[in-house]
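Trainee: Please work out how this folds:
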Amino acid sequence: MTATLEPTRYIVIPQDVWERKDAPPPPPDDEFEPYSEDDAEYLAREPEPLSLGAYTGLGGATGSLAFGIAAGVLVASPMGLVVGVAAGVFGGLMGHSLAEEIYERKH
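Mentor: The predicted structure is shown next:
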C-alpha cells in the first residue's frame, strides 16, 4: 500500500476582502459605448449556410451514433461492442452519403 501526497493548494484572499471592506463601486454607465452603426449591421446579418464538409460530417456522426448505440444496446453481450462498432461505421457511411445527397438537392 502506497500513500500518495496531493499537492497543497492555497486560497488567495485580497487584504481588503479579509478586512471586510466594501467592494469598489461599479463603473458608471457612461463609461461603456453603445453599439455603433457598423456593429448593429454586423449583428443583424444572416448566418451563412453550412459547407458540404460540415454538412456531411454532421450527418456521418449522427448516423454513426444512432446505429452504433442502437446496435450495441440491442446486443447486450461482449459481442455487442463489436456489433456496435461495425454498425457505427456503417451508419457513419450511410449518414455521410445521405447528408451529401440532401445538400446537393438543397443547393
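Trainee: list the buried ones in the helix or strand hosting residue 88?
Mentor: Under the criterion of DSSP states H and E, residue 88 resides in helix 78-106. Residues of helix 78-106 classed as buried: 84, 87, 88, 91, 92, 94, 95, 96, 99, 100, 103 (neighbour count, 16 or more other CB atoms under 10 Å). All C-beta atoms are positioned from the backbone trio N, CA, C, and that covers glycine.
Trainee: Same question for stretch 59-79.
Mentor: Using 16+ other CB under 10 Å as the test for burial, stretch 59-79 gives 59, 60, 61, 62, 63, 64, 66, 67, 68, 71, 72.
Trainee: And the residues you listed, which is closest to residue 6?
Mentor: Set against residue 6, the nearest of the buried residues of stretch 59-79 by CB to CB is residue 72 (36.9 Å).
Trainee: how about the nearest residue to the closest one, chain neighbours excluded?
Mentor: Nearest non-adjacent residue to residue 72, counting by CB to CB, 6 or more residues apart in numbering: residue 84, 2.8 Å away.
Trainee: didn't the one you found look like it was pressed against residue 71?
Mentor: Yes - with contact defined as CB atoms under 8 Å, residue 84 reaches residue 71; the gap is 4.9 Å.
Trainee: so how far is residue 55 from the most far-flung residue of the chain relative to its centre?
Mentor: Distance from the C-alpha centroid of the chain, by CA atoms, centre = their mean, peaks at residue 19 (41.8 Å). Counting by CB to CB, to the nearest Å, the separation of residue 19 from residue 55 is 59 Å.
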